[in-house]
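**Student:** below: sequence and its predicted model.
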Amino acid sequence: MPLPVALQMYSVRDELSKDYKATLEKVKAMGYDYVELAGFGGKSVDEIKKLYQDAGLCIISAHVAISELLEDTKKTLSEYASLGCSYIAIPWLEEERRPGHKGFEPTIQDILNIGRIAKEMGMSLLYHNHDFEFVTIDGKYALDILYETIPADILQSEIDTCWVHFAGVNPVEYLKKFKGRAPVVHLKDFTADDTSSSDTPYDLIMSNAPKKTREESHFKFQPLGYGKQDIPSLLEACEYVGAKYVIVEQDVSTDRTGLEDAEISRNTLKKYGW
């Protein structure tokens, strides 16, 4: 059955900065009933809570920087819990924390510690990947090492299907590895030249051979249905893994406004009955 659809509010950050209330009303009118936050936009927790309640939008999750979570874990998680968040996602790692750097192993421990506290508070910690986690360490993707090291009851996944695909990995098959561990899935589309696919030989994918940069690949974010992603297969995979929500995200809109792209993506999902 179709899953609830949320919008990552970073997608419409420009519009939010101009008229927060009107933007939320437009998001609701498109058919989004749920949202994922990416900061408070300079507003207080109480202001955010009222704005979203008035718009009829339910806040299910939030992207929160690992530095913010480490600064005062319980206080930060409590603020988001008061908004109704069930999920907190670590959205990004600074260069020194990434795989291949000396900060990667301590970062895994930091994530473990945050996840334990989140669990105690009745929340689920998620990790939101990009493409850099698909470097290999001792024959394994760094992202797999993260999930193998930290138990599933402490860390769940928020698979970003765009970055999986851009890394040269089949996003449908990779997502299926997380059955029972993927409550929230990011749906995102893109165009790019010379992107690997499921037909790419396994030994080439695992070789850590230099890949083209986003600029070299002419990478461009697109609304759902306008890029390389197999949307129907991704939706089937979301059902297979037992996801609770799918989240539409578009980091940058270039040909249209963020709101226009968000509406196109929502209409694409409606076309498939979602």
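**Tutor:** Okay, I see it. Keep in mind that what you see is a predicted model, and the values were worked out from it rather than measured.

**Student:** now the element after the helix or strand that contains V185, going C-ward?
**Tutor:** Counting by DSSP states H and E, the element that carries V185 is strand 184-187. The element immediately downstream of strand 184-187 (helix or strand, assigned by DSSP H and E) is strand 189-191.

**Student:** buried set for that following strand?
**Tutor:** Along strand 189-191, these residues count as buried under the neighbour rule (16 or more other C-beta atoms under 10 Å): D189, F190. Any C-beta I mention is one placed from the backbone N, CA and C, and that applies to glycine too.

**Student:** ok, back up a step: tell me the strands beside the strand holding V185, with direction?
**Tutor:** Note on strand 184-187: by DSSP bridges, its sheet partners are strand 155-160 (parallel), strand 245-248 (parallel).

**Student:** what average pLDDT does that strand get?
**Tutor:** Confidence over strand 184-187 (mean pLDDT, whole number) is 98.

**Student:** ok now that strand, how far from the chain's centre?
**Tutor:** 6 Å (C-alpha atoms, centre = their mean, to the nearest Å).

**Student:** what's that strand in contact with?
**Tutor:** Outside of strand 184-187, the residues within contact range by C-beta atoms under 8 Å, 6 or more residues apart in numbering are 8, 36, 60-61, 87, 89, 126, 128, 156, 158-162, 175, 224, 229, 231, 234, 238, 241, 243-249, 265, 269.

**Student:** check stretch 71-79 too.
**Tutor:** With contacts defined as C-beta under 8 Å, 6+ apart, stretch 71-79 is touched by V45, V64, E68, L69, I88, N113, I114, I117, A118, M121, M123.

**Student:** looking at those, which has the most residues close by?
**Tutor:** When neighbours are counted as other C-beta atoms under 10 Å, the busiest of the contacts of stretch 71-79 turns out to be I88, with 26 neighbours.
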